Structures are given as structure tokens and as C-alpha cells.
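**Q** Here is a sequence together with a model predicted from it:
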Amino acid sequence: MVGLLSSLCLSLWSGLIALGFVSLYFLFVKHDPNTKDNKSLPHGSMGWPLLGETLAFLRPHKSTTMGSFLQQHCSRYGRVFKSHLFGSPTIVSCDHELSMFILQNEEKLFQCSYPKPILGILGEQCLLVVVGDVHKKLRSFALSFTNICKSRAEYLNSIDKLATSMMESWEGRNEVIMFCKEANKITFNLMVKQILSLEPEDPRTSILLKDFLTFMKGLVSLPLYVPGTSYAKAVKARARISSTVRAIMEERRKGGVGLVKGDFLDVLLSSRDINDKEKVGIVLDLLLAGYETTSTLLAMTVYFLGHAQKALKQLKEEHHGIRKEKQKGEPLNWEDYKKMEFTQNVINEALRCGNIVKFVHRKAIKDVNFKGYFIPSGWKVLPVFTAVNLNPSLHENASEFNPWRWASQETGKNVVPFGGGVRLCPGAELGKLEAAFFLHHLVLNYKWRTKGEDYPVAYPYVEFKRGLPLEIEPIETKLEEL
Ligand code: HEM
């Protein structure tokens, strides 16, 4: 979801250019910020005509930092400031309390508000953009998906199986692996297996992955529907993904509806509360939201551990302890996950330092006064999670990767990797579980080192600059021998 969330802003920016003079009219005539109660508006700058400060806001920076735009604006105007971004007058919140207030008041004072051009790609029914009762209804399916996964041994076994088979494929490759690509494959394969029962070797899996990559690329492109552009290709890729999913649905129906495969499609097909279009939409939402974010999380943990030998040592000890209590080759289960206390700290710290989702898009649907700030109805509001996660007054040595800080319960209260309120990420636990199981196999079987320098960049969607090339080396004592 992260890539998606963040890429939306790029698309909006592109949309802004496309809107041209129309925006100019709105900027100067309709949305003149001075027409509002300017006295109590937060300080800030509305930037250039038409562009506002969008370009500077989107300037790529290490995702382990706030970036120079936010840093400079916070020191000049304070942690809440006004700006003009993505074609709208905007309040940017780097303040923890205000950001939480925004998320907790979704649908009451604020509402999710993603850029219009993106709807052409995502579809009007996408969970990310729908509001009110439709959101509630569709979200309940996302929640049931994650609950079903967590309670099924088969899902846990799949993570184990995919992780070990990926590592087997590294054997004899005493070379460099492009870790982000590998992570993408494993998390995508896991999602299509759980949702549609597709195996990695099924040709439809690679067709879907290829279409998804085209789809994602379109999200960060200029939204012009001209044949050959990334945007047009993405719209077509979405249509192809939908028809692949539809074909799988039809095929399944022929076999009779019910618990045929035991996957999430069975659950969807058995429901009478939503139509076929919505069913296809939910499958797309889950695939989109669930694989890229988790894949970035895997890369993030591997990256930070590569620079934190003490944490890696403690992590290995924890996993050796868990493995010793199991039979040879026995897969991990939920109880094992619960024992992975230090692993959870490592993952949480990677989420805090790596900032997979930098911010989310909201708008005020009423005039709001909070802590002396006035937010006019209709203005865009951006809660910036990175600013909370890296705030030095909330976290000691905030830029340092320190999993031990999670021993204090306070830390968790001041970190926002998964949003909050009625849109809190329903896949948070699943993503962490996948990362934990993956790490189990990795730390027991391999040593790794980043080849050359690489780091995560917030474009603002987060990606490793070079795809995280790793030099890997098998550890003498193999997991199976323990
Ligand atoms: C592990 C890394 C992940 C991160 C950092 C992450 C982050 C987020 C964030 C910040 C949001 C809130 C968006 C907003 O408020 O506008 C969100 C929403 C969502 N996420 Fe995740 N996510 C992750 C994994 C997953 C997984 C594994 C799934 C599915 C299996 C998932 C499914 C969703 C869905 C369906 C939504 C929309 C919820 C709604 O609007 O009600 N996410 N995610």
C-alpha cells in the first residue's frame, strides 16, 4: 500500500500540470487562502503560483530522514504549517497529537482524499478511496482476510515454504542477489496463494506480477490517457488483472461455491453482500496493499541488520533457541511467532527508522480548531508519519537503529507505521509475521553484506536506490541440521 499511497502524490502532482489553467483559476480565485480566517491559520508559505510547494515537498530524500523540505519548514514555521500542495491549500502536520487527532476523527472532521487522476487507475471502488458505509463494508472483507490468514496453519506454512525455497534457489549462487526483487517475488507469491490459491509456478502468477508492476509504474506517472504512456499502460494492466481474477472466479464457480480451496476467494464467492465488481476490487486492493509494503519491510530489516551486528547476534540467538525446540524441518507456528520478542523489536524499529509510509492524504470536511491551529473546511491535511517516527523529542537518538528502545512501552505509542483510526492498516500483523518468519530462515542460513552503498529513498514511495544488492554466504551449520 505504501508505494501506492506515496505514489499517489506524484500522480496528483502530474495531474496538477495537466489541469493547467483550471488550477490557476482555482488557486487564485476560488482557493485564495487569504479569504479564510488567516489570523489563526498556521504559519507557512503558499509557494509558487500553480505549483505551490509541491516540487520541494516531493524532492526525494533518504527515508531515514525527514528530508530538507520538512526540516526547514518545521524550523521556520513550527511542526504544523500551511502550504499549497498537489493543487490545494494544505495544512501539513508533523505534530504527533494533531496527526492522531486527524486519524481518529476520520469521517467526522476529516476524510480520506486521494488525488482524482488516480481513480482512473485504482477504480472508484478501491478501499483506499471509498468513504462512509461503502468503506465500512469493503474494509470488513479486508479484516476477515487478515484474520483468516492468521488463524490458518496453512498460511504460516506457506511463508515457511516460500522462504526456504527462495533460499534454496540462492544455493550455489556465490554471487550478488538483488534483494528487493527477491522480496517482491516472495511477498507477491504469498498473497496470490492466500487469496487465489495460485502457486508460484502457475503461469498466471507471473502474468499477474508483471501486470502489477506495470500498474504500479502507472501510479507514479503523468496521468495522460495517450496510447503508449505509462498511465495508459497501467489502466490496461488493471483491466487485464481484473479479467484474470474474473476468469479465476468463473472457473471456481463451475466447481461449486463454498469452501472449495479454503482460500479467500472462497469466502468472497460465498458472500451475497457484495457484487462481482466489488469482489474483484477487493482482490486487487489486497494484492496491491499487501505485497509491496511487506516486501519493503523485508528489505528494510535486512538493510538495518546489515549495519547492526549486535542486534543481528541477539536475533540469531533468539531464532536458534526457537529452532532447537522443534523437530527437524518442522514449520514455524503461531506460538513460535509469539516467542520472537526481540525479532518483533527489530521489525518495529525497522518500521520506525525506515518510514515505509511517509504521509497520508486527508481533507477537512468541517472547520477545525485544534491546539490553537485553525484548519479551514475543504483544505487538504497531510499527517506526516515520518516526522513523528523520527521526532527527537519523542525518541532518544531518533536516527539510530536501536531495537532495544522497544523494551519501553512508550516507544510504541510514538510510532505510526500503519496509520490509525478507522483506516488503521488491517494487514499490520500479517506484514510483521511474514517478516519475522522470513528473518528466521535468513539469519539461521545466511550471512549477508550490502554490495556497495545503498539506502532507502522516499520518492516519496520508498524504494532502495540500487535494489539492495547483497553478497550472500551460506552459514556452515544449516537450519535443517540444527
Ligand atoms: C508491512 C507493511 C505495511 C505497512 C507499512 C502498511 C501501511 C499502511 C498504512 C499507513 C495504511 C493507512 C492508509 C491511510 O490511512 O490512508 C494502510 C492501509 C491499508 N493496508 Fe497496509 N501496510 C502494510 C501491510 C499491509 C498488508 C500485509 C496488507 C494486507 C494483507 C495491508 C492492507 C491494507 C489495506 C486493505 C489498507 C486500507 C485500509 C482502509 O482504508 O480501511 N497492508 N496500510
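**A** Right, received. Where do you want to start? Numbers count the residues shown, from 1 in each chain.
**Q** Chain neighbours aside, what residue packs nearest to Phe145?
**A** Nearest residue to Phe145, sequence neighbours excluded (C-beta to C-beta, 6 or more residues apart in numbering): Phe264, at 5.1 Å. C-beta here means a position set from N, CA and C on the backbone, and glycine is covered the same way.
**Q** With Thr294 as the reference, measure out to that neighbour.
**A** Computed as C-beta to C-beta, to the nearest Å, the Phe264 to Thr294 distance reads 16 Å.
**Q** which one of those two has more residues nearby?
**A** Thr294 (28 against 23; other C-beta atoms under 10 Å).
**Q** so after the helix or strand hosting the more buried one, what's the next helix or strand?
**A** Assigned by DSSP states H and E, Thr294 falls within helix 276-306. Next along the chain after helix 276-306, taking DSSP H and E as the criterion, comes helix 309-324.
**Q** and the helix or strand that that next one is followed by, how far out from the chain's middle?
**A** Using DSSP H and E, the next helix or strand after helix 309-324 towards the C-terminus is helix 334-339. Averaging C-alpha positions (C-alpha atoms, centre = their mean, to the nearest Å) puts helix 334-339 24 Å from its chain's average.
**Q** tell me which residues in the following helix or strand past helix 334-339 are buried?
**A** Scanning forward in sequence from helix 334-339 by DSSP H and E, the next helix or strand is helix 341-354. For helix 341-354, the neighbour count (16 or more other C-beta atoms under 10 Å) marks 342-354 as buried.
**Q** what's the answer for stretch 386-399, then?
**A** Thr386, Ala387, Val388, Asn389, Leu390, Asn391, Leu394, His395, Ala398.
**Q** And for stretch 244-251?
**A** Thr244, Val245, Ile248, Met249.
**Q** what is the rounded mean pLDDT of it?
**A** The predicted model assigns stretch 244-251 a mean pLDDT of 93.
**Q** Identify all contacting residues around it.
**A** Stretch 244-251 has contacts (C-beta atoms under 8 Å, 6 or more residues apart in numbering) with 196, 198, 204, 207-208, 211, 265, 269, 276, 279-280, 283-284.
**Q** you'd agree Lys181 is in a helix?
**A** Yes. Per DSSP: H, G, I helix; E, B strand; the rest coil, Lys181 lies within a helix segment.
**Q** so how far is the ligand from it?
**A** As defined by C-beta to the nearest ligand atom, to the nearest Å, Lys181 lies at a distance of 18 Å from the ligand.
**Q** nearest spatial neighbour of that residue, skipping sequence neighbours?
**A** In space, Lys181 comes closest to Gly467 once its chain neighbours are excluded; the distance is 6.2 Å by C-beta to C-beta, 6+ apart.
**Q** Any idea how many residues pack against the one you found?
**A** For Gly467, using other C-beta under 10 Å, the count is 17.
**Q** Tyr225 against Tyr231, yeah?
**A** Yes. At 6.3 Å, Tyr225 and Tyr231 qualify as touching, with contact defined as C-beta atoms under 8 Å.
**Q** overlap in contacts of those two?
**A** With C-beta under 8 Å, 6+ apart, Tyr225 and Tyr231 have common neighbours Gly120.
**Q** In contact with Ser151, which residues?
**A** If a contact means C-beta under 8 Å, 6+ apart, then Ser151 has no contacts.
**Q** ok, now Ile159?
**A** Leu190, Leu332, Leu433, Glu434, Phe437, Phe438.
**Q** rewinding a little: roughly how far does the residue nearest to Phe145 sit from the ligand?
**A** Phe264 is 10 Å from the ligand, by C-beta to the nearest ligand atom.
**Q** swap in Glu400?
**A** For Glu400, the distance to the ligand - C-beta to the nearest ligand atom - is 21 Å.
**Q** Enumerate the residues of the stretch 51-200 of the chain near the ligand.
**A** Counting by C-beta under 6 Å from any ligand atom, the stretch 51-200 of the chain comes close to the ligand at Cys112, Leu127, Leu128, Arg139, Ala142, Thr146.
**Q** Take those residues and keep only those in strands.
**A** Among these, the members falling in strands (DSSP state E) are Cys112.
**Q** Considering the residues of the stretch 51-200 of the chain next to the ligand, which possesses the most neighbours?
**A** Neighbour max across those (other C-beta under 10 Å) = Leu127, 24 neighbours.
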